[in-house]
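In: Sequence and computational prediction follow.
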Amino acid sequence: MKSTLLIIVIAQFFCTSLWFAGNSVITDLARDFDLKPIFLAHLTSAIQFGFIVGTLVFAIFTISDRFSPSRVFFVSALLAGLFNLGIALTGVSGQQILFFRFLTGFFLAGIYPVGMKIAADYYQAALGKSLGFLVGALVLGTAFPHLLKNLTGDFPWRHIIYTTTALSAVGGLSILLFVPDGPFRKEAQGIKITAFLQGFKHRDFRAAAFGYFGHMWELYTFWALTPVMLLTYNIRYTNAGLNVPLLSFLIIASGAISCVVSGIISQRFGAKKIATISLFLSCVCCLSSPLFLYADSVFLFLLFLFVWGTTVVADSPLFSTLIAKNAPEKSRGTSLTIVNCIGFAITIVSIQFIGFFTDRIDSQYLYLLLAIGPILGLFSLIFKRKGIA
């Protein structure tokens, strides 16, 4: 069973490296295709929107509950990798890049939530710890293209795209060959269009889901804008000389450690308690951002970003655990998928919302707006339902 979890974690890491592959080469894309600065927000929103549409389709047709999750994961990994290659085509336009990122996001819907479904089919007693490792792999996969960019700085940016596509294929194949359907899998019978709504009838499920939605308002916008924060600091303090790709990787990847730790300690203290503490701490980071983002001490600035990077995602596996435990057994995969769908829809609103205010609010105070999500999420967890464990 331990080897099964290891394979799922590695496969998740390999496949989710596709997620921010485009973001890691955004400066190269902007240079080669003469794109405007706002294209970063559009690029991130395109893959998020693709993921939203994909999760909606997967949820409505209960794909991960009706078909073998391992096979769904494999096919999705191959197709997501294939469309990832699209942005490396010669002569591709900005609109076509966005379309290829949309399609990549669409098939990531068969990777991230389906990976959690596979883990839930294998592990029930220690689900929080298992999902801690799994979401940690997602975080590393998300950060990995930034590391590739740093390591291949003198190589053509297309090599990053080729590498992430190859990793996705390997990840999908490893699930197909070495991870059969789990012993706790409950197969759904036929298409049930309303199955994705069943979980929301339960108060505990709703409380966890709304806490997760608040968390998602902050998470991906923070990840998308981490390089921007570092670049802005370099511009403000010209002697800082920060390595933006490497530091972007390290700050985002630091969340992988906190996911594993939060998953382990939740076994003793409960998923809700640790999720609430983590969401509160990330909310504090949002609210204190004006004090640190322009600090004239590089050490203080970077320390703050690392603290934010660890707290912003530590609650993610715990929300997934609460959602999975409180979802109907025969539609667990579908319930996870629809909650992901709504959560990632919120990320688009958040990214565009922050983008809209970028030129209207002093950048020192811009990230205060990210606190909106954690505050609403905390309200859901603390006041709406006290019985959730």
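Out: Great, that's in hand. Residues are numbered from 1 along each chain as shown.

In: report the longest helix in the chain, please.
Out: In the chain, taking DSSP state H as the definition, the longest helix is helix 203-236.

In: Name the residues of that one that are buried.
Out: 204-230, 232-233 (16 or more other CB atoms under 10 Å). Just so you know, the C-beta spots here come from the backbone N, C-alpha and C atoms, and that holds for glycine as well.

In: just checking, what packs against it?
Out: helix 39-60, helix 244-269, helix 271-292, helix 298-311, helix 316-326, helix 332-357, helix 372-379 (3 or more CB pairs under 8 Å, 6 or more residues apart in numbering; DSSP states H and E).

In: now the angle from it to helix 244-269?
Out: 150 degrees (axes from the mean of the first three to the mean of the last three CA atoms, to 10 degrees).

In: give the contact list for the nearest residue in space to residue 295 that is not next to it in sequence.
Out: Spatial nearest neighbour of residue 295, chain neighbours left out: residue 301 (4.9 Å); criterion: CB to CB, 6 or more residues apart in numbering. For residue 301, the contact set (CB atoms under 8 Å, 6 or more residues apart in numbering) comprises 233, 292, 293, 295.

In: count of neighbours near the nearest residue to residue 123 once chain neighbours are set aside?
Out: Of all residues not flanking residue 123 in the chain, residue 130 sits nearest, at 4.2 Å (CB to CB, 6+ apart). Residues near residue 130, counting by other CB atoms under 10 Å, number 24.

In: name the element residue 130 belongs to?
Out: Secondary structure from DSSP states H and E places residue 130 in helix 127-151.

In: need the next SSE after that helix, C-terminal direction.
Out: Next along from helix 127-151, by DSSP H and E: helix 158-178.

In: Let me know the angle separating that following helix from helix 127-151.
Out: 150 degrees.

In: Residue 186 reaches residue 328, doesn't it?
Out: No - judged on CB atoms under 8 Å, residue 186 makes no contact with residue 328 at a distance of 9.1 Å.

In: tell me what the helix holding residue 130 is packed against?
Out: helix 2-16, helix 21-24, helix 112-122, helix 158-178, helix 244-269, helix 316-326.

In: Spell out the secondary structure type for the residue of the chain positioned farthest from its centre.
Out: In terms of distance from the mean C-alpha position of the chain, residue 239 ranks first, at 32.8 Å (CA atoms, centre = their mean). Three-state call for residue 239 (DSSP: H, G, I helix; E, B strand; the rest coil): coil.

In: same deal with the one 3 residues further on?
Out: In terms of secondary structure, residue 242 is coil; the call rests on three-state DSSP.

In: Was I right to think it contacts residue 298?
Out: Yes - with contact defined as CB under 8 Å, residue 242 counts as touching residue 298 (7.4 Å).

In: circling back to that earlier point, quick check: the residue nearest to residue 295 vs residue 358, distance?
Out: Residue 301 is 20 Å from residue 358, where distance means CB to CB, to the nearest Å.

In: okay, residue 374: pLDDT?
Out: Note for residue 374: predicted pLDDT of 97.

In: looking at it, residue 347 is touching residue 221, isn't it?
Out: Yes - at 6.7 Å, residue 347 counts as touching residue 221 under the criterion of CB under 8 Å.

In: quick one: buried residues of stretch 267-280?
Out: So for stretch 267-280, counting by 16+ other CB under 10 Å, buried means 270, 271, 272, 274, 275, 276, 277, 278, 279, 280.

In: Tell me how far the second one lies from residue 370.
Out: Okay, so that is residue 271. In terms of CB to CB, residue 271 sits 23 Å off from residue 370.

In: Same check on the fourth one?
Out: In this structure, residue 274 and residue 370 are 21 Å apart, going by CB to CB.

In: what's the answer for the first one, then?
Out: Here the criterion is CB to CB. By it, residue 270 lies 26 Å from residue 370.

In: same deal with residue 172?
Out: 33 Å.

In: Repeat that for residue 209.
Out: Taken as CB to CB, the spacing of residue 209 relative to residue 370 amounts to 20 Å.
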